[in-house]
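Asker: could you look at this predicted model? Sequence included:
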Amino acid sequence: MLSLVALVLVGSSGGHVAAQSQSHSSIPSVAVRQPTHLSVIGPRMKKNPGPWGLLGIHTVKAKDFRVKDFQGFLAGPGTTIAHTGISHGNTTTAPTALVLYDANGTYGWIGSLYAYQIGCLLSHYGVTVTRKGIEAYKTGDLAHFNSAYYIGTTYYNSIPKAFKTDFMANTNPFCWMGYNLWSVAWNASGSAWNAAFTSKYGFQFAYLDGAGYPTVNYKNSSLTCTRSLYDPQQGDTVILDSSMASAVATSTNGTDTVPYITHSQNLWYVADNPLEYVSYNSGDDRMLAFADVLSDTTGIVTTANKRAVLRIEDVSAICDSASLRGIADTLYAEGIPYVVCVIPDYKDPLGVFNAGTPLEIQMQNSPQFIADLQYMQSEGAQLIMHGVSHQYDSVPNPVNGVSADDVEFFRVETDASGNQVPIGPVSEDSASWVSNRIASGFSMFTSAGFKKPTGWNSPHYYGTPTDYKEFAKDFTYSLDRVLTFAKDQNGNLQYLVQYAPYVIQDEYGNHRIPETLGYCDPNGTSGNVNLPSNMIGYAQQIECVRGGWAGMYYHWFLGTKALKQLVDGVKALGYTFVDPSKNTN
């Protein structure tokens with residue numbers, strides 16, 4: 001069985017033309033006879049594949065969401081401004097990038113979501129990003145940017161002639177993802193390979209392969225591609241001249257191995273949509289290869305040490321003193337800084353855990369809780385705000401109305417199958433409502449004798465653009481993930497969770513410290529058991545990313561045995577636990 005690629009191109013007579021190459025380390029130049037006809041449909045690929053990127057996108061149930069809450073912040077054309085706090089190497093001015101996407105047609109909104117997320121990843125490198133539908137491309141656009149990117153999410157989208165001409169003449173770094181590479185790699189009729197492309201890059205696009213490849217190998221990491229179980233297609237390439245082209249990452253199913261990221265000259269081709277169906281700690285982390293390759297496409301290499309950050313989660317006045325102090329003692333003995341995510345206003349409005357009697361305890365009204373937090377601070381803790389009450393009003397949202405269990409800044413309900421369904425913004429949502437709510441939280445901190453926290457963590461990561469903008473005004477960093485929103489062809493609000501293995505800045509202005517290992521979940525309450533051994537394994541995967549972080553959280557009630565295992569394992573990999581307030585780039 002071939003170790004890199006076995007290419008089968010469908011010929012017009014129904015026969016096959018095969019081109020084969022050996023292992024990546026010694027790929028020979030291969031003379032490939034051009035077939036009389038090329039088809040984008042490989043021998044194992046269904047016809048008319050749908051849009052590339054639907055997996056992992058969530059629908060907000062309400063159709064009547066207030067557009068003003070999202071105005072200007074729905075994914076689409078725009079510019080992400082590089083923040084001066086994010087390093088961009090030795091350059092004196094921020095580099096620029098053009099991110100192109102399929103904007104037209106029924107599923108143009110999907111392309112806009114992923115273009116937005118690519119821009120956020122590029123913010124890590126201090127790049128100022130311009131997003132634009134490829135259909136609006138004008139002659140000369142590529143020349144105005146240091147690097148460019150195209151995410152092909154619409155099958156056989158019409159690519160402008162001006163772009164194709166400029167692409168072939170372009171010498172600046174270019175990264176192509178997903179569909180439509182054949183528009184430049186093949187001739188106009190699709191009857192033969194484009195000799196100019198082959199001559200320039202030394203590889204060719206073969207077809208869409210539907211075999212399914214659950215593993216992506218990159219550097220020394222074996223990354224997962226769970227997406228292949230539901231949407232197995234990827235674009236296969238064949239390397240013709242190994243002196244020009246190479247597979248910097250490969251996909252494998254245990255039988256066949258094919259290129260996943262192909263690089264030649266100024267071009268990188270990623271065989272799928274690398275941001276579709278991503279979750280580091282739920283079985284799909286192949287995007288780490290793409291996230292690291294951005295260092296090459298931008299030419300900006302980070303020299304930061306391997307950093308780790310630990311959050312102690314859902315801490316409020318209801319917490320057991322011995323548990324909090326036991327955690328503090330353990331982490332002090334380990335010699336590491338850590339973050340305590342404080343809910344300043346504990347509420348149980350329905351009395352779920354208080355025999356039916358409503359209960360509220362604000363932090364300044366609990367001397368024991370104040371003493372416990374002071375003790376934790378004395379042993380290396382930094383306090384941040386984890387919502388104000390981490391619940392909404394006096395209703396289940398969606399669980400029981402109790403702090404830490406529920407969502408604060410978004411309405412969520414549970415369906416008949418027990419799945420959580422996002423409904424939309426809370427009825428009060430506005431800049432003033434969010435600002436006043438945060439101010440009340442600050443007041444509780446200062447009334448308890450603590451400084452206003454500089455860090456933030458959105459309850460269950462939910463928020464609207466209105467909320468995110470206010471969070472950015474009040475806090476210097478966030479320890480969570482942001483939601484990217486778009487409106488689909490039916491007027492529904494859709495969102496996608498942004499994953500990043502390093503610090504990014506979103507379009508709302510929030511510096512986001514990455515959470516990459518998930519949380520310790522020995523009983524699988526989230527649907528997946530996540531033990532310290534699993535989390536340490538995820539940290540090992542992230543080693544393939546230059547500047548990658550091991551970001552994790554741990555609930556206060558889980559004791560200290562697993563906590564020590566987790567911390568010791570991450571430290572053994574060479575990560576250094578840091579104070580996030582001093583590491584926002």
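Answerer: Perfect, I can see it now.

Asker: give me the number of residues near Gln220?
Answerer: Residue 220: Asn, not Gln. Asn220 has 9 neighbours, counted by other Cβ atoms under 10 Å. Every residue, glycine included, has its C-beta placed from N, CA and C.

Asker: now do His58
Answerer: 13.

Asker: now do Ala162
Answerer: 14.

Asker: next one: the one 3 residues further on
Answerer: Per other Cβ under 10 Å, the neighbour tally for Thr165 reads 12.

Asker: other SSEs contacting the helix or strand it falls within?
Answerer: If you go by DSSP states H and E, Thr165 is part of helix 161-169. With contacts defined as 3 or more Cβ pairs under 8 Å, 6 or more residues apart in numbering; DSSP states H and E, the packing partners of helix 161-169 are helix 182-185, helix 195-201.

Asker: which of these sits closest to Val129?
Answerer: Among these, helix 182-185 comes nearest to Val129, with 22.4 Å by Cβ to Cβ.

Asker: report the distance from the closest one to the chain centre.
Answerer: 28 Å (Cα atoms, centre = their mean, to the nearest Å).

Asker: send over that helix as PDB, restricted to the C-alpha atoms.
Answerer: Taking C-alpha atoms only, helix 182-185 is exported to PDB below (Å, rounded to 0.1, in the frame of the first residue of the first chain):
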ATOM      1  CA  TRP A 182      -9.300  22.800  -9.500                       C
ATOM      2  CA  SER A 183     -10.300  26.200 -10.800                       C
ATOM      3  CA  VAL A 184      -6.600  27.100 -11.100                       C
ATOM      4  CA  ALA A 185      -5.000  23.700 -11.100                       C
END
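
Asker: give me the residue at the spatial middle of the chain.
Answerer: Nearest residue to the geometric centre of the chain (Cα atoms, centre = their mean): Tyr499, 1.6 Å.

Asker: mind checking the SS state of it?
Answerer: Following DSSP: H, G, I helix; E, B strand; the rest coil, we place Tyr499 in the coil state.

Asker: test my guess that it contacts Ser279.
Answerer: Yes - using Cβ atoms under 8 Å, Tyr499 is in contact with Ser279, at 7.2 Å.

Asker: ok, back up a step: show me what the next helix-or-strand element following the helix holding Thr165 is in contact with.
Answerer: Following helix 161-169 in sequence order, the next helix or strand is strand 174-178 (DSSP H and E). The contact list for strand 174-178 (Cβ atoms under 8 Å, 6 or more residues apart in numbering) reads 52, 142, 147-153, 167, 235, 266-270, 272-274, 290, 293-294, 297.

Asker: where in this protein is the helix or strand with the lowest mean pLDDT?
Answerer: When each helix and strand of the chain is scored by mean pLDDT, DSSP states H and E, strand 16-21 comes last, with a mean of 29.

Asker: show me the chain divided up by domain.
Answerer: 56-298, 307-480+515-582 (automatic domain parsing).

Asker: possible to save those domains as CSV with mean pLDDT and distance to Ile504?
Answerer: CSV is the format used below for the domains of the chain (pLDDT from 0 to 100; distance: least, Cβ to Cβ, whole Å):
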stretch, mean pLDDT, distance to Ile504
domain 56-298, 89, 5
domain 307-480+515-582, 96, 10
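
Asker: next, format the ones you listed as CSV and append distance to Asn490.
Answerer: Output for the domains of the chain, formatted as CSV (distance: least, Cβ to Cβ, whole Å):
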stretch, distance to Asn490
domain 56-298, 8
domain 307-480+515-582, 15
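
Asker: which among these is found nearest to Asp488?
Answerer: The closest of these to Asp488 is domain 56-298. By Cβ to Cβ, the value is 5.1 Å.

Asker: thinking again about what came up before, how much does the helix holding Thr165 deviate in direction from strand 174-178?
Answerer: 120 degrees (axes from the mean of the first three to the mean of the last three Cα atoms, to 10 degrees).

Asker: what's the offset of helix 161-169 from the middle of its chain?
Answerer: With Cα atoms, centre = their mean, you get 30 Å for helix 161-169.

Asker: show me which residues of it are buried.
Answerer: 163, 166-167 (16 or more other Cβ atoms under 10 Å).

Asker: and stretch 456-465, by the same measure?
Answerer: 456-465.

Asker: among those residues, which one sits closest to Asn510?
Answerer: Trp456 (8.0 Å).

Asker: now the residue nearest to the centre of the chain: how far from Ser251?
Answerer: 19 Å (Cβ to Cβ, to the nearest Å).

Asker: please apply the same query to Tyr538.
Answerer: 20 Å.

Asker: those two: who's more crowded?
Answerer: When Tyr538 and Ser251 are compared for neighbours, Ser251 comes out ahead with 27 against 20, by other Cβ under 10 Å.

Asker: correct me if wrong: the more buried one contacts Val270.
Answerer: No - counting by Cβ under 8 Å, Ser251 does not reach Val270; the two are 10.7 Å apart.

Asker: shared neighbours, these two?
Answerer: Shared contacts of Ser251 and Val270 (Cβ under 8 Å, 6+ apart): Tyr260.

Asker: spit out the contact partners of the nearest residue to Leu288 once chain neighbours are set aside.
Answerer: Closest residue to Leu288 apart from its sequence neighbours, by Cβ to Cβ, 6 or more residues apart in numbering: Val545 at 5.3 Å. Going by Cβ under 8 Å, 6+ apart, Val545 touches 288, 291-292, 501-502.

Asker: ok, now Ala304?
Answerer: Gly547.

Asker: got it, and Leu223?
Answerer: Leu223 touches 215-217, 285-286, 288-289, 541, 544, counting by Cβ under 8 Å, 6+ apart.

Asker: just say helix, strand or coil for it.
Answerer: strand.

Asker: okay, and the beta partners of it?
Answerer: Val216 (DSSP bridges).

Asker: how about the helices in the stretch 401-550 of the chain?
Answerer: 431-447, 465-474, 532-541 (DSSP state H, counting those that start in this stretch).

Asker: show me what the second one is packed up against.
Answerer: With contacts defined as 3+ Cβ pairs under 8 Å, 6+ apart, the packing partners of helix 465-474 are helix 431-447.

Asker: and the helix it packs on, which residues are buried?
Answerer: 433-434, 437-438, 441-442, 444-445.

Asker: and Tyr375, how far from Ile327?
Answerer: Taken as Cβ to Cβ, the span from Tyr375 to Ile327 is 10 Å.

Asker: more neighbours: the two, which one.
Answerer: Ile327 (26 against 16).

Asker: quick check: the more buried one is in a strand.
Answerer: No - Ile327 is assigned helix when assessed by three-state DSSP, not a strand.

Asker: which residues does it contact?
Answerer: 312, 376, 554, 556, 560, 563.

Asker: one more pass at 10 Å, please.
Answerer: Contact partners of Ile327, counting by Cβ atoms under 10 Å, 6 or more residues apart in numbering, are 312, 315, 319, 338, 340, 376, 379, 381, 554-560, 563.

Asker: need the buried ones from these selected in PyMOL.
Answerer: A single PyMOL command selects the buried members of the contacts of Ile327 (16+ other Cβ under 10 Å):
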select buried, resi 312+315+319+338+340+376+379+381+554+555+556+558+560+563
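
Asker: and which of the contacts of Ile327 is nearest Pro367?
Answerer: Cys319 (14.0 Å).

Asker: assign that closest one to helix, strand or coil.
Answerer: coil.

Asker: which residues touch it?
Answerer: So Cys319 contacts 312, 327, 342-343, 346, 366, 368-369, 372-373, 404, 556-557 (Cβ under 10 Å, 6+ apart).

Asker: quick check: Val388 is in a strand.
Answerer: No - secondary structure of Val388 (three-state DSSP): coil, not part of a strand.

Asker: measure it to Gly299 for me?
Answerer: Going from Val388 to Gly299 by Cβ to Cβ gives 43 Å.

Asker: so between the two, which is more surrounded?
Answerer: Here Val388 and Gly299 are compared on neighbour count by other Cβ under 10 Å; more neighbours surround Val388, at 24 against 15.
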